[in-house]
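Participant: With the input below, show me the fold.
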Amino acid sequence: MAQQHLDPTDPTAGPSPTGDALAGYLRAQATEFLRALRQHRETGVAASNGREETVDAARALRRSVRRVSGSLHTFRPLLETDWSETLRPELAWLSGTLSMEHAYAARLERLLLALHRLSGATVFPVQSAAVVGGRSAGPDPVPLKGAPGPAGPPTATPAADRGNLTVGAAKAGALLERQLTLARTRAHSTALQALGSSRFHAVADKIAVLASEVPLTTTATTTDLRPLATAAEERLKDAVTALPLVTAGSPYNAEALIHGLSPDPAPHPQDAPWHQVRLLLRLHRYARETLYGTDGPIDVRLLTAGQALDRHRDASEASAAAASAARTPRIAPATAYALGVLHADQRHEVEAARFAFQQSWQRQAVSTS
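Facilitator: Presented below is the predicted three-dimensional model:
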């Protein structure tokens with residue numbers, strides 16, 4: 001079996017895209033950034049009345065920044081080196097700073113919803129389970145052994161375990177809410193400071209110039225973009241090949257659970273390669289947008305794989321937050337138990353996301369015989 005090319009070099013796509021296509025794409029993203037920045041400033045003045053609009057503007061800012069940064073990375077041989085190498089780390093800083101507040105909000109909602117589902121207790125006021133800041137509150141979960149699930153044969157877990165979970169869930173939810181709300185507040189303050197800083201204004205000025213003038217090299221207008229897009233695809237395929245897709249096809253991965261419940265607060269080493277694949281998949285998508293335009297053909301398989309990796313990222317970060325909360329000194333045993341069950345639940349969702357990615361990616365395999 002061999003994997004089919006995602007084919008950014010399809011000869012039926014029309015004339016070969018050159019640096020002019022890249023310049024047009026970058027100008028469009030820079031214009032979108034300036035539009036979102038203006039909307040953010042207008043709605044940010046009255047955040048209490050325009051909270052949803054402010055969130056939408058911040059999301060649009062991050063979206064355009066990611067695309068500009070990704071294009072600078074993939075097509076850097078066609079751009080002035082000093083300019084692009086100076087701007088890329090600033091864009092990474094800005095995107096990361098703007099994303100943290102909404103990441104903490106989505107993580108808290110995801111964990112509280114999971115606690116409510118696992119324990120049957122009301123651990124927080126009813127909130128919307130919609131996507132928060134571009135992150136999902138969680139897909140339909142993989143039931144845990146001993147956790148309450150849909151109607152069916154009774155589990156072998158004693159009722160006392162359910163009782164312990166119910167007792168600890170409220171305190172676990174309160175602890176998570178304190179920790180993640182504090183982190184979200186700090187992230188909000190950091191974002192506000194960043195948006196008012198001279199560093200941000202310098203980045204915004206460069207993007208404003210980009211909206212009218214793209215610093216291409218002298219040969220960029222006659223250079224085919226497709227070899228660089230193909231190189232981005234190959235990097236993605238190499239990273240996927242290195243993933244333990246056989247393990248991802250298994251329903252249970254005890255190694256990840258054992259590490260997460262250990263005293264070591266470092267992220268599980270299993271997760272990092274998957275996060276890297278997610279970033280490379282994003283770069284590949286942006287390269288396709290540059291070649292075909294944002295209204296070009298949508299590869300449903302790429303979209304499905306990307307959604308699975310987003311779920312993987314969200315569940316991985318949520319499980320780390322639950323494990324971190326469980327390490328809080330002097331918490332009650334019932335609280336620690338509830339956090340342990342919550343951590344295991346999120347690690348199960350990590351495995352489910354890996355399995356979903358494996359299924360979507362391997363649909364691209366074709367026989368060479």
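Participant: Look up the pLDDT of Ser128 for me, please.
Facilitator: pLDDT for Ser128: 43.
Participant: same thing with the one 5 residues further on?
Facilitator: Model confidence at Gly133, expressed as pLDDT, equals 46.
Participant: May I ask which helix or strand encompasses the closest residue to Ala318 other than its chain neighbours?
Facilitator: Ranked by Cβ to Cβ, 6 or more residues apart in numbering and with sequence neighbours excluded, the top spatial neighbour of Ala318 is Gln346, at 4.6 Å. From N, CA and C alone the C-beta is placed, and that goes for glycine too. Assigned by DSSP states H and E, Gln346 belongs to helix 333-362.
Participant: which parts of the host helix or strand of Ser71 are buried?
Facilitator: Under the criterion of DSSP H and E, Ser71 resides in helix 51-74. Residues of helix 51-74 classed as buried: 53-74 (neighbour count, 16 or more other Cβ atoms under 10 Å).
Participant: Using CSV, write down the CA coordinates of it.
Facilitator: Output of helix 51-74 as CSV, limited to C-alpha atoms (Å, rounded to 0.1, in the frame of the first residue of the first chain):
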residue,chain,number,x,y,z
ARG,A,51,-18.6,40.2,23.7
GLU,A,52,-19.5,37.8,20.9
GLU,A,53,-18.3,40.3,18.3
THR,A,54,-15.0,40.8,20.2
VAL,A,55,-14.5,37.0,20.2
ASP,A,56,-15.2,36.8,16.5
ALA,A,57,-12.7,39.6,15.8
ALA,A,58,-10.0,38.0,17.9
ARG,A,59,-10.6,34.7,16.1
ALA,A,60,-10.3,36.5,12.7
LEU,A,61,-7.1,38.1,13.8
ARG,A,62,-5.6,34.7,14.7
ARG,A,63,-6.8,33.2,11.5
SER,A,64,-5.2,35.7,9.3
VAL,A,65,-2.0,35.8,11.4
ARG,A,66,-1.6,32.0,11.1
ARG,A,67,-2.0,32.1,7.4
VAL,A,68,0.5,34.8,6.8
SER,A,69,3.0,33.1,9.1
GLY,A,70,2.4,29.7,7.4
SER,A,71,2.9,31.2,4.0
LEU,A,72,6.1,32.9,5.1
HIS,A,73,7.4,29.5,6.2
THR,A,74,6.4,27.4,3.2
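Participant: and the direction of the helix or strand following it versus that of helix 333-362, what angle?
Facilitator: Using DSSP H and E, the helix or strand that follows helix 51-74 towards the C-terminus is helix 81-119. Inter-element angle recorded for helix 81-119 and helix 333-362: 120 degrees (by axes from the mean of the first three to the mean of the last three Cα atoms, to 10 degrees).
Participant: picking up where we left off before, on contacts alone, who are the packing partners of the helix holding Ser71?
Facilitator: helix 19-44, helix 81-119, helix 226-241, helix 271-292 (3 or more Cβ pairs under 8 Å, 6 or more residues apart in numbering; DSSP states H and E).
Participant: So for Ala332, which of these sits nearest?
Facilitator: helix 81-119 (14.7 Å; Cβ to Cβ).
Participant: Now do the closest one, average pLDDT.
Facilitator: 95.
Participant: Buried residues, it. List them.
Facilitator: 84, 87-88, 90-91, 94-95, 97-119.
Participant: and the helix or strand just after that helix, how far from the chain's centre?
Facilitator: Heading C-terminal from helix 81-119, the first helix or strand you meet, by DSSP H and E, is helix 159-195. Put simply, helix 159-195 sits 20 Å off its chain's centre (Cα atoms, centre = their mean, to the nearest Å).
Participant: Same check on stretch 60-80?
Facilitator: 17 Å.
Participant: Run through who's touching stretch 222-232.
Facilitator: 8-9, 16-19, 21-22, 74-75, 77-78, 280, 283-284, 287-288, 290-291 (Cβ atoms under 8 Å, 6 or more residues apart in numbering).
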